[in-house]
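*Asks:* structure here, sequence nowhere to be found:
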């Protein structure tokens, strides 16, 4: 699962936005062993990682394919995208429904 950094979990445009719903969703996805890739155009990857750590936002890699998908392509593998510019509301809803379904089966 790939999530965008700027304006999805980080207030890039400094509009005093919070992203607690997205962060909660990412934490729940991590609990069911989803591999989380943070995608960013930020040049300072150390800043991105530090921000994610400090804000307890789970991630497995930044701008890198997962180890189980080997490719020389620059395109990052993902089966779902959380991105402020690409259907964030719809993807959020579908992932929340997935989590609900999984949790119902575990009762």
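*Replies:* Yep, that arrived. Every value quoted in this text rests on a predicted model; they were computed, and no experiment measured them. Residues are numbered from 1 along each chain as shown.
*Asks:* wait, doesn't residue 27 sit right on residue 58?
*Replies:* Yes - the pair residue 27 and residue 58 qualifies as a contact (Cβ atoms under 8 Å) at a distance of 5.9 Å. Backbone N, C-alpha and C define where each C-beta goes, glycine included.
*Asks:* which of these two has more neighbours?
*Replies:* Set side by side, residue 27 and residue 58 show unequal neighbour counts under other Cβ atoms under 10 Å, the larger going to residue 58 at 17 against 13.
*Asks:* in space, what's closest to the more buried one - neighbours in sequence excluded?
*Replies:* residue 30 (3.9 Å; Cβ to Cβ, 6 or more residues apart in numbering).
*Asks:* name the helix or strand for that neighbour, please.
*Replies:* In this structure, residue 30 sits in helix 20-31 according to DSSP states H and E.
*Asks:* need the strands for this protein, in chain order.
*Replies:* In chain order, the chain shows strands spanning 2-4, 37-39, 61-62, 81-82, with DSSP state E as the criterion.
*Asks:* save these as TSV, and put in mean neighbour count too.
*Replies:* What follows is the strands of the chain, written out as TSV (neighbours: other Cβ atoms under 10 Å):
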stretch	mean neighbour count
strand 2-4	23
strand 37-39	23
strand 61-62	16
strand 81-82	22
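*Asks:* want to throw those into JSON lines with distance to residue 101?
*Replies:* Putting the strands of the chain into JSON lines (distance: least, Cβ to Cβ, whole Å) gives the following:
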{"stretch": "strand 2-4", "distance to residue 101": "20"}
{"stretch": "strand 37-39", "distance to residue 101": "23"}
{"stretch": "strand 61-62", "distance to residue 101": "26"}
{"stretch": "strand 81-82", "distance to residue 101": "18"}
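*Asks:* please consider this matter closed, and thank you.
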